[in-house]
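>>> Give me a model of this one.
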Amino acid sequence: MQLVRLGILNGEFVKCVERLPGGTIVIEKNHREIALGAPLARKIMVTIE
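Okay, the predicted model is just below:
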């Protein structure tokens with residue numbers, strides 16, 4: 001639900017920009033950077049293309 005509020009839906013492509021200490025990651029979607037805390041970031045499944 002939290003990802004939907006950020007405009008990220010199942011099956012969407014996002015780019016991982018940076019991984020910060022403590023597990024926080026910064027992703028980019030539609031030229032907008034979004035920081036995700038470790039608990040939320042762990043719920044994201046990633047594939048490399």
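>>> Please give me every residue in contact with Thr24.
With contact taken as C-beta atoms under 8 Å, 6 or more residues apart in numbering, Thr24 is in contact with Ala35, Leu36, Gly37, Ala38, Ala41. For glycine as for every other residue, the C-beta is placed from the backbone atoms N, C-alpha and C.
>>> Report the two of those residues separated the most.
Ala35 and Ala38 (10.8 Å; C-beta to C-beta).
>>> sorry, back to before: between the contacts of Thr24, which is closest to Gly22?
Ala38 (6.2 Å).
>>> shouldn't that closest one be in contact with Pro21?
No. Counting by C-beta atoms under 8 Å, Ala38 sits too far from Pro21 to count as a contact (10.1 Å).
>>> who has more neighbours, these two?
Ala38 (11 against 5; other C-beta atoms under 10 Å).
>>> Number of residues surrounding the closest residue to that one other than its chain neighbours?
The shortest distance from Ala38 to any residue other than its chain neighbours is 2.9 Å, reached at Gly23 (C-beta to C-beta, 6 or more residues apart in numbering). Neighbourhood size, Gly23 [other C-beta under 10 Å]: 13.
>>> now Ile34
15.
>>> I'd assumed Val14 was in contact with Ile8.
Yes. Look at Ile8 against Val14 with C-beta under 8 Å: they come within range, at 6.4 Å.
>>> what is in contact with these two at once?
Ile27, Lys29.
>>> Now do the strands in this protein.
Assigned strands in the chain, in chain order: 15-19, 25-29, 32-36 (criterion: DSSP state E).
>>> pretty sure the residue nearest to Ala38 contacts Gly37?
Yes. Counting by C-beta under 8 Å, Gly23 does reach Gly37; the two are 7.4 Å apart.
>>> OK, contacts around the most centrally placed residue in the chain?
Closest residue to the average C-alpha location of the chain: Ile27 at 4.6 Å, with C-alpha atoms, centre = their mean. By C-beta under 8 Å, 6+ apart, Ile27 lies in contact with Ile8, Val14, Lys15, Cys16, Val17, Glu33, Ile34, Leu36.
>>> Give me the distance between the residue nearest to it when sequence neighbours are not counted and Ala41.
Nearest residue to Ile27, sequence neighbours excluded (C-beta to C-beta, 6+ apart): Val14, at 4.5 Å. Distance, Val14 to Ala41, using C-beta to C-beta, to the nearest Å: 11 Å.
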